[in-house]
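> Return atomic coordinates for the entry below.
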Amino acid sequence: MAIGRLAKLRFPHEFHDPALAEQALTHRSAGKPNNERLEFLGDSLVGMLVAELLFELHARADEGELTRMRAQLVSGAALADVARSLALGEVLRLGPGELKSGGHRRDSILADAFEALVAAVYLDAGWDACRSCVRTLFSERAAQLRAPQKDAKTRLQELLQARGLPLPVYELISSSGDDHAKVFDVACILGHLPLRFAGRAPSRRAAEQIAAGSALEHIKEILVHER
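Below you'll find the predicted structure:
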């Protein structure tokens with residue numbers, strides 16, 4: 001990769017060894033050496049450094065909330081957004097097939113290249129430089145982040161566990177419709193009451209969430225009246 005081409009990258013690190021950056025920005029479709037091994041290392045580095053940042057910025061968040069926030073920041077789509085902010089797609093080296101199919105815009109390719117680039121910084125200049133780079137790129141995103149709401153199934157399970165009650169059982173009642181428009185009917189069964197709550201949705205998982213939400217609201221009403 002020519003130095004001028006690398007200069008197009010809006011990245012908060014100047015490489016002592018440009019060959020590392022070139023490898024990080026080379027997709028496997030363009031041959032070897034490519035960024036697959038660097039992506040493996042970068043995945044762990046990004047995860048750890050983002051976790052540290054969240055731990056510092058969100059002192060009141062519990063382990064579950066921190067885990068969900070980290071998942072938001074290091075998802076493929078989120079890392080691809082960071083890569084786009086750096087104009088990373090403009091300097092990727094791709095094979096002819098990926099070039100034709102628009103690989104420089106694909107989330108998975110951009111996210112992998114970003115992780116590889118973080119690993120390249122670590123190999124180029126060490127831990128402190130890598131940490132500084134990641135914190136520069138993620139500090140604002142991490143500070144603005146709010147812990148996502150737990151889903152209904154998780155909240156129902158935690159509520160029952162806290163009271164020493166049996167966990168809910170989800171039962172598929174039926175599925176109907178064509179493959180492209182299926183509808184699933186699911187029951188959430190609370191054995192200690194015993195009650196069944198229904199959920200219907202285009203996927204079994206979504207139907208279970210609806211049924212769990214109904215069960216959760218019912219239990220909350222009972223708790224209110226018990227006070």
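> which stretches of this structure form helices?
Using DSSP state H, the helices found in the chain span residues 3-6, 18-24, 36-57, 63-73, 76-85, 96-100, 107-125, 127-144, 152-162, 204-226.
> mind checking which of the ones you listed is nearest Ser176?
Among those, helix 204-226 comes nearest to Ser176, with 12.1 Å by C-beta to C-beta. Glycine gets a C-beta too; all of them are placed from N, C-alpha and C.
> how does this protein divide into domains?
3-144, 152-226 (automatic domain parsing).
> From Asp81, how far out is the closest residue to Ala129 other than its chain neighbours?
Spatially, and ignoring its direct neighbours in sequence, Ala129 is nearest to Val121 (5.9 Å; C-beta to C-beta, 6 or more residues apart in numbering). Val121 is 19 Å from Asp81, where distance means C-beta to C-beta, to the nearest Å.
> which of the two has more neighbours?
The neighbour count for Val121 versus Asp81, taken as other C-beta atoms under 10 Å, is higher for Val121 (25 against 15).
> right, and that one touches Arg135 too?
No - counting by C-beta atoms under 8 Å, Arg135 is not a contact partner of Val121; they are 11.9 Å apart.
> re the thing from before, residue contacts, the residue nearest to Ala129?
Shown in contact with Val121 (C-beta atoms under 8 Å, 6 or more residues apart in numbering): His13, Phe15, Ala129, Cys130, Cys133.
> Tell me how many other residues surround the first one.
Meaning His13. 18.
> So what's the gap between stretch 20-39 and the chain middle?
Here stretch 20-39 is found 23 Å from its chain centre; the criterion is C-alpha atoms, centre = their mean, to the nearest Å.
> now do stretch 45-59
14 Å.
> what's the weakest-modelled helix or strand in the chain?
helix 3-6 (a mean of 61; mean pLDDT, DSSP states H and E).
> Quick check: the residue nearest to Gly213 when sequence neighbours are not counted vs Gln161, distance?
Nearest non-adjacent residue to Gly213, counting by C-beta to C-beta, 6+ apart: Ala152, 4.0 Å away. Plainly put, Ala152 is 15 Å away from Gln161 if you go by C-beta to C-beta.
> ok, back up a step: tell me the most buried of the helices of the chain?
Among these, the stretch with the highest mean neighbour count (mean count of other C-beta atoms under 10 Å) is helix 107-125, at a mean of 23.
> Not counting sequence-adjacent ones, nearest residue to Phe114?
Closest to Phe114 by C-beta to C-beta, 6+ apart is Ala83, at 4.3 Å.
> repeat for His104
Using C-beta to C-beta, 6+ apart, the nearest residue to His104 is Gly89, at 4.0 Å.
> Could you report the pLDDT at the closest residue to Leu145 other than its chain neighbours?
Nearest non-adjacent residue to Leu145, counting by C-beta to C-beta, 6+ apart: Met69, 5.2 Å away. In this prediction, Met69 carries a pLDDT score of 92.
> Double-check Met69 against Phe55; I have them as touching.
No - assessed by C-beta under 8 Å, Met69 is found out of contact with Phe55, at 10.1 Å.
> Any chance of the backbone angles for the residue nearest the centre of the chain?
The chain has Ser75 as the residue nearest its centroid, 2.6 Å off, counting by C-alpha atoms, centre = their mean. With angles defined as degrees, to the nearest 10, Ser75 sits at phi -60, psi 160.
> so Gly76 sits right up against Ile109, yeah?
No - the pair Gly76 / Ile109 is not scored as a contact, 9.9 Å apart, by C-beta under 8 Å.
> so where's the protein shaky on pLDDT?
Scanning the chain for pLDDT under 70 picks out the ranges 1-6, 147-149, 192, 223-227.
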